[in-house]
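Chemist: structure for the following, please:
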Amino acid sequence: VDVPFQKEGRSYLLIDTAGIRRFSKIKDEIIFQSVRTSGEMLRRSDVCLFLIDGASGMLKEDFQILNSIVAEGRGVILVVNKWDLVKDVSPRKAEPMFRRRLGNLNIMPIFFTSALTGQNVLRAFEAVDKVKAHHTLRLETSRLNRFLESIRKNRTLPGGSPPLRYLVQAGTAPPRFLLFGSRPPSPPFFQYLERRLREEFDLSGTPV
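Modeler: Predicted coordinates:
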């Protein structure tokens, strides 16, 4: 269901999809088609608010869907809904647990919401503009190479110190970068570089 609307002078299109479940558990053809359509809607979106059930936590299928969102290069916000049903655990305590579970997918803002009470629903939506800005961020080459120079000064780089020449941005939505050097760095170095890029330029919610 497409819902166009305006908020504070800005235009949005909310694409409300069917709940995505494992195909092996789906018997109804109409539901099957709506789930398949949800994947197509993902490719139309800029930012995905990925809702999970707070009482159930992160399921195997949730990780598969998140991987699909990141692989498609979409911005993403994790919305842990039905938090009113979770007792004796505050969002402040729960967030680090969710982030540990996310592992390499820990790139996104997390909001604990309740559609029933309205808790944090508007805050989660307000994060869409921020994630969109991160998703389309364009950095000057000079700024990137000052950043790279600070990386070179680190004498304890993961995988050793690769001979780095310069760093440029190759595109946006999501941000894409080209690193030039005389030989390829190791995978641990690339993981380190992505983490440092996120810290330096605030790329929360977007794949890199």
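
Chemist: ok, so what distance separates the residue of the chain positioned farthest from its centre from residue 142?
Modeler: Ranking residues of the chain by C-alpha distance from their mean position (C-alpha atoms, centre = their mean) puts residue 182 at the top, at 31.6 Å. Distance, residue 182 to residue 142, using C-beta to C-beta, to the nearest Å: 22 Å. In short, each C-beta sits where N, CA and C put it, glycine included.

Chemist: over to residue 94?
Modeler: Residue 94 sits 41 Å away from residue 142 when distances are taken as C-beta to C-beta.

Chemist: the more surrounded of those two?
Modeler: Set residue 94 next to residue 142 and count neighbours by other C-beta atoms under 10 Å: residue 94 wins out with 17 against 8.

Chemist: enumerate every residue touching the more buried one.
Modeler: Neighbour list for residue 94: 80, 86, 112 [criterion: C-beta atoms under 8 Å, 6 or more residues apart in numbering].

Chemist: kindly recompute the last result at 6 Å.
Modeler: Contact criterion C-beta atoms under 6 Å, 6 or more residues apart in numbering gives no residues in contact with residue 94.

Chemist: same deal with residue 56?
Modeler: With contacts defined as C-beta under 6 Å, 6+ apart, residue 56 has no neighbours.

Chemist: would you mind measuring from it to residue 138?
Modeler: For residue 56, the distance to residue 138 - C-beta to C-beta - is 39 Å.
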